[in-house]
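Asker: test case, fold it:
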Amino acid sequence: MAPTASFDFEGSVAVVTGASGALGSAVAERFDAAGATVCAIDVVAPDDEDALLSAEGIDFREADLTDEGEVERVVEEIADDHGGIDHLLNIAGTWRGGDPVEETALETFDLLVDVNLKTAFLASKHALPHLQEREGSIVSVSAKSSPSGGEGDGLYRATKAGIRLLTETIAAENVGSVRANCVMPSVIDTPANREMMPDADHDEWVDPGEIGETMLALCSDATAVTSGAAVPVYGDAY
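Answerer: Here you go, the predicted model:
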């Protein structure tokens, strides 16, 4: 999908976590197209044919974002190599559901907390000192379902609610220095979701690039007075 708005991020450094996934790669490509130097991080390297490896402005780093030592290392390396950090996009995440609480394995709970919430906490923790120096921004990924509990995927919702509260906390603690917001997608139009739900109306789903456009806007001067917000990005995917 072609960009629908024009942004100029020339001279800025954007860190994108979960960059090998469908949403993360789309966000990285959007920031690259807008002129940013993009540092893309994931525990899994992108495929050889992936645009992340061929785009001139994207610097891919492999790291386990649930390991604080690795997060601290990769963030410091990025700041040293590129002179600082202006934007952090916390995209790393996963979904698990289908079982009630009493039937959910501890391993599933640990996975959701680690991948959805711990990665955002650690990346934010170690990026914040650099973002504070540049009056930067953080945009994380919550979910449309996060404001309430629900049958079958309550633990996923709980971690995404945690993202909203983490976002509000960072915004409150960094008034005047770092803006923090999050987006709330519903079903994103990815190959994995199409495979999981082949009979759904895919036309109602939101393209990952469209979410990337909103994240660009939330990091831009156009939203300079916006911080602590949870922004819906689910279009017709109710």
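Asker: could you measure from the nearest residue to Glu68 once chain neighbours are set aside over to Leu166?
Answerer: Nearest-residue entry for Glu68: Leu122, 5.5 Å, with adjacent residues in sequence omitted and distances by Cβ to Cβ, 6 or more residues apart in numbering. (Each C-beta comes from the backbone N, C-alpha and C, glycine too.) Leu122 sits 11 Å away from Leu166, taking Cβ to Cβ, to the nearest Å as the criterion.
Asker: ok, now which ones touch the residue nearest to Glu68?
Answerer: Shown here is Leu122, whose contacts under the criterion Cβ atoms under 8 Å, 6 or more residues apart in numbering are Leu65, Thr66, Glu68, Val71.
Asker: test my guess that the second one contacts Val113.
Answerer: To tie it back to what came earlier, the one meant is Thr66. No. The criterion here is Cβ atoms under 8 Å, and Thr66 misses it with Val113 at 9.4 Å.
Asker: next, show the common contact partners of these two.
Answerer: None of the residues lies in contact with both Thr66 and Val113 under the rule Cβ under 8 Å, 6+ apart.
Asker: pLDDT wise, what is the residue positioned nearest the centre of the chain at?
Answerer: For the chain, the residue lying nearest the average C-alpha position, counting by Cα atoms, centre = their mean, turns out to be Ile91 (2.0 Å). At Ile91 the predicted local distance difference test score is 97.
Asker: mind listing what it touches?
Answerer: Applying Cβ under 8 Å, 6+ apart as the definition, the contact partners of Ile91 turn out to be Val16, Thr17, Gly18, Ala19, Gly21, Leu23, Gly24, Val27, Val141.
Asker: in the protein, which helix or strand is least confident?
Answerer: Among the secondary structure pieces of the chain, namely its helices and strands, helix 51-54 has the lowest mean (mean pLDDT, DSSP states H and E), a mean of 54.
Asker: quick check, Val38 in contact with Ile58.
Answerer: Yes. Taking Cβ under 8 Å as the definition, Val38 is a contact partner of Ile58 at 4.6 Å.
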